[in-house]
Each structure stands twice: as structure tokens, then as C-alpha cells.
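Peer 1: Quick one: sequence plus predicted model below, questions after.
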Amino acid sequence: MKRRIFCVVLSVMMIFSLLVPSFAAEKKCNCGKAPVVSVVGFGHVPLVNGEGTQVFAPEAKTIVEAVLPCVPSLLQYLSDGDAGALLDAVIPAAKQLFDPIKCDENGDSVDPTVTVERFYETSCDTYDYKIKGDGQDGLSLECAKTVGGDHTFIFSHDWRRSPMDTAKDLNDYIQKVKETTGHDKVSINGQSMGTCIVQAYLAQYGTKDIKNIGMFSGAFTGLEMCGDLFTGKLSVDADGLTDILVQAINGSPDKNALGELLKYTGLFEKVIEKFAPLLNEGEYKDRLYDELLIPYFGMYAGVWSFVPEEKFDEAINYMYNNDTFSFRPSDSYIEKLTAYHDEVQETLKERCDEYYKDENICFSIVSNYNRQIAPVTPSSTMNSDGIIETYRTSYGATVADRNTTLGENYVQAVNDGHNHVSPDTVVDASTCAFPECTWFIKNLDHVKFYSDSSAALHAWLITADKQYTVHSNPLFTQFLYYNNDADYMSVYLDKYGDVNMDGEIDLVDARLALRHLLERDELQKVNLQRADGITIDGVITKDEVQSIADTYAADYKA
Ligand SMILES: [Zn+2]
Ligand SMILES: [Zn+2]
């Protein structure tokens, strides 16, 4: 009898022990704040091989080792213009850099051990490394202020794979986040290439597990530059090279004395003239494509997601149905590329309409402008965030080319009763696919999410309780201004006198102008333009500064 009771007790205990984990899994969190999953962009987390060596981005030492042997051929080329000999040196050097992450004709990694350096398996509050405060980390820090670090997650991925495949891993990740946090839905944002993965996820799994959706500095409508590259359009632009150099040195894209000097010397025109045969002449350009671009970059399915929808067929024909080139991928690889094109790109507008109309989802797009993109294709005159054209990241804004405006007499393309033209007349958001939920940040670099400044907008959107628009919050109007020197983001009001661009005109601005007058402070040209609206080309005269100071002195007395 005793033995029997013991058996019954034991069985009951066993049944309970089996039930315990399922009780734990059904634990609900009632905080009311959906966890946030941020999907990082291209190359944001390095790729490593099985031995733990970083293979992408290549380390400086590896680059130097590959590039140094090219120097004699380069010098030779500059004296005799033998482009063939230069390519004989440059192509093997580039291959040396990309061989460790090469993909085969199916788009699979030749070295199967290559993967991302880290998967963010747990929530952000458990990270044992220092969060830097920019990139995905800055946005996560900012989101954690609202939803908590234990509700903030980062999803990393191998950018070489098709977003269709990566989306399957993202779905597994979302299920895990739901389980560990005890929430039914998560908010999801993509950053740059991350937006392609988020869209591939939404196309395949829908929004049943999703609260808010953010497209930040997004590649989800493609890159004009990639469309050009994959259809054989190369060209280098001297003004663009000047701007990119100034941007690299100053942090800010606005031209200064260095830029003027470079333009004056015509240095880049001379360099480009020298290298023109490589880009324009059939034989050499064909070698670049046949030996490098097609077998290496063309075999990254992830990179194909950057080709805009309307250029896809032309790009496939140019790269793979072209008798000039010998490399051919497998049929299954083409099918993989076509699947992203058909299922994600072609359904984009229709799906995004649904997200925008769903009153439980806050759907938002954030796009930056006024930075120079790499000047290697004819589209590099377009305004951008430094990596992707603003026309693309904004899903259709009308944007003036770099260093130009839409014109003084410009009239908004679509009159919907609101103003959608930026104060500098560079952006007309009325032609965006979603003009009411697309924000613009002037001067901010691609995927720069700074905690305590620029990321405040993105965090506000992704943790929203309903659909916010550009009219919802006076702090986050459609056009925002990022001050690179001060790391400060403010409403873009174009207020004269607002020297430090904090949206207020006060004694701080007056003090800055006066200190400048006394030659104690350097002020950027753009700050001074805002000081009292005078247009200053190049050199700022003493008289101009005096007039600014007088204005403030008068205000101060009043
Ligand atoms: Zn919660
Ligand atoms: Zn409107």
C-alpha cells in the first residue's frame, strides 16, 4: 500500500514537473510596452571565419598587404597609361581581399565557417561589452529608456545571404523574444539593409507578431548607385570626390576653404582624366566586371536586394545574359534573387499601405540628406545620406541634387493642404509614398543613431502607442536639423539668429556671435548664415560679423 501511494505521489510530481516549463513559457508581461527588435545594416557586425579571424570588413593590415604590391603598376600607369598592366595588379589584390568571403555559383559561402562575429542572443541589458552609443547601439540605448533594456533586442546577420533566408532566422528570433519577454507582439525596425530583411520578413510572415514598423536610413526601395553598377554604368565625378574628401575631414558636408582649394587646383579632374580609360573603354571595364564585379559582388544575394525594383530585369540581363561576360550563376541562384524581387519589392507599396492604415501599428520612415555619396556612378550627383540616395530612403521624395535647391519659385508637387517642402527648398516630401509619416534629418550621416540626440526621433516612433505623423509632435516635425559639431538635433525652422541651432533664439546665440566677433570662437559658415540670414560665399567679412553682433546688441538692450 505504502509503495502504491509513493508511486501515485511520484507520478503526480512528475506530471507537475513537466507542466512547470510550459507555465513559465506562458508567463505574460503586463508592462504594455512592446519589446523592440532592431535589425542592423550591411556589415554593421563583422564577419569572422572558423579560426576567429575577421574577414569582413578586412582589417587595415590585410588591406595594406593587398594594396602595396599594386603601387609600382600604379606609378607605371601614371607615366605610360598602360591600363592592362594596372588591372593585372589591381584585380588579384582585390580578389585577395574578397576571397575569404567569396560565394559560389549558388550564392553559398565557399568557406562554410564564415559567420557574423556575434549574434545578440539576449536582451541589451545583459551585454558584457561596452555599448558605444551610435549605430544600432545608440538606438537601443534610446529605446531602452522607454521599454527597458530587458525589452530591447538587436538582430545581426550575414549580409551576403538573401533577405528571404535571413527573414526565416529573424522569425525564429522574434518567437524567442516573445517567449522570453512574455509579449504577443514586438516592434521591429530595420536600419539600412536591415529594412530589406524586415520587408522580406513582413512579406513572408505578415504582422501577426508585430506592433510598430520603422524604416530607418533604409535600402528597402533599393539604391540608385547599385542599379547603375549592376547595369554597367560607371563614372567618376570630380565635384563629388571633393565633397567626399571635405566630408571625411570635417565631419560636415558643407564646403569650406579646403573644398574651394581642391576645386581651384582641379586636382581631381586631372586624376579622373587619367583613370577614365578604365571606366569607359570596353576592354578594361569588361575585365573589371568579368573578373571582379560579377563573380564576387554579383554572387552576394544580399547585395542584389539593393538593386531597385525597376532596374532588376535590366541588371539580370546585363550581368548574366551578356555574351561579353563568361561567369554564369546557377538557376537556383537566379530563382533566389527573383523571389525577393517578386515577393518583396513588387508587393511593397500594397503591403506598406496596410501597415500605415492599421491603427495599431505605427509605420514610419526616416531619411537623411545633404551628404555626398561615393561618386562612382552617374547617379552620384543625387542628394543622399552618404550611402543611400534620399529619394530612395524616403520612398519617393522629390530631392534637388547635391549643392542645389528646387528653386526659389518651386511649388509643392502635390497640394494636400500641408507644407511638405523643406525650409532650404531641397526636399519636397509631398511625392513620398507616405508623406505624413516620413521624416527628414538634414546633415545626419547614414545609420547614425546617437543616443540623446538623433536617435530620439527613431526611438519615439518605434515605441509609439499609435500611428504618429509629422503633425503629432512639435519636437519632431517633418524636417529636422542635425548639427554635426554640437551633436544636436533640432526642429529645422531656419530661424535667423539661432546660431547654435537649438530651435531657440536666446543669449547663448548672442554670446556665440560676439565671441566670434572677438575672434575667440570659430563659427561654421552655416551657423553664421543662420545668425541673421545673410548669404556668405566663402570669406566672411568683418562688416558682416559686425552686423550680426549689432543685431544681438540691440536685442540684448531691448
Ligand atoms: Zn513587458
Ligand atoms: Zn500632408
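Peer 2: Nice, I can see it. A quick note: this is a predicted structure, and the numbers were derived from the prediction, not measured. Ligands and ions are numbered 1, 2, ... in the order given.
Peer 1: And the strands in the stretch 251-400 of the chain?
Peer 2: For the stretch 251-400 of the chain, the strands defined by DSSP state E, counting those that start in this stretch occupy 363-369, 398-399.
Peer 1: Point out the most buried one among those.
Peer 2: Of all the strands of the stretch 251-400 of the chain, strand 363-369 has the most neighbours on average by mean count of other CB atoms under 10 Å, namely a mean of 27. Where C-beta positions appear, they are placed from N, C-alpha and C, glycine not excepted.
Peer 1: What strands line up against it, and which way round?
Peer 2: strand 210-216 (parallel), strand 438-442 (parallel) (DSSP bridges).
Peer 1: Excluding chain neighbours, what is closest to A301?
Peer 2: S162 (3.7 Å; CB to CB, 6 or more residues apart in numbering).
Peer 1: Would you confirm that that neighbour contacts G107?
Peer 2: Yes. The pair S162 / G107 is scored as a contact, 7.1 Å apart, by CB atoms under 8 Å.
Peer 1: residue ranges with poor pLDDT in the protein?
Peer 2: Confidence mapping of the chain against pLDDT under 70 gives the ranges 1-26, 128-136, 250-258, 281, 494-496, 501-505, 524-558.
Peer 1: 80 instead, please
Peer 2: Residues of the chain that meet the criterion pLDDT under 80 lie in 1-26, 127-136, 236-238, 242, 244-281, 474, 485-486, 493-558.
Peer 1: Can you tell me the SS state at the residue of the chain found nearest ligand 2?
Peer 2: Closest to ligand 2 within the chain is H418: 3.6 Å, counting by CB to the ion. Using DSSP: H, G, I helix; E, B strand; the rest coil, the secondary structure recorded for H418 is coil.
Peer 1: So the residue nearest to it when sequence neighbours are not counted: helix, strand or coil?
Peer 2: Spatial nearest neighbour of H418, excluding adjacent residues (CB to CB, 6+ apart): H471 at 7.3 Å. State at H471, reduced to three classes by three-state DSSP: coil.
Peer 1: Using CSV, lay out the strands of the stretch 251-400 of the chain together with distance to K274.
Peer 2: Shown next, in CSV, are the strands of the stretch 251-400 of the chain (distance: least, CB to CB, whole Å):
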stretch, distance to K274
strand 363-369, 32
strand 398-399, 32
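Peer 1: list the contacts for Y320?
Peer 2: For Y320, the contacting residues are I294, G298, R328, P329, I334, by CB atoms under 8 Å, 6 or more residues apart in numbering.
Peer 1: can you pull out the helices in the stretch 251-400 of the chain?
Peer 2: Ranges of helices in the stretch 251-400 of the chain, per DSSP state H, counting those that start in this stretch, are 257-265, 267-280, 282-288, 301-304, 312-320, 331-340, 348-357, 390-393.
Peer 1: Apologies, that question was intended for the stretch 451-558 of the chain.
Peer 2: Using DSSP H, counting those that start in this stretch, helices in the stretch 451-558 of the chain cover 455-462, 507-517, 525-532, 542-557.
Peer 1: ok, V426 - how many residues close by?
Peer 2: 25 (other CB atoms under 10 Å).
Peer 1: Please verify my assumption that it contacts A397.
Peer 2: No. With contact defined as CB under 8 Å, V426 does not count as touching A397 (9.6 Å).
Peer 1: That's all I had, so thanks and see you.
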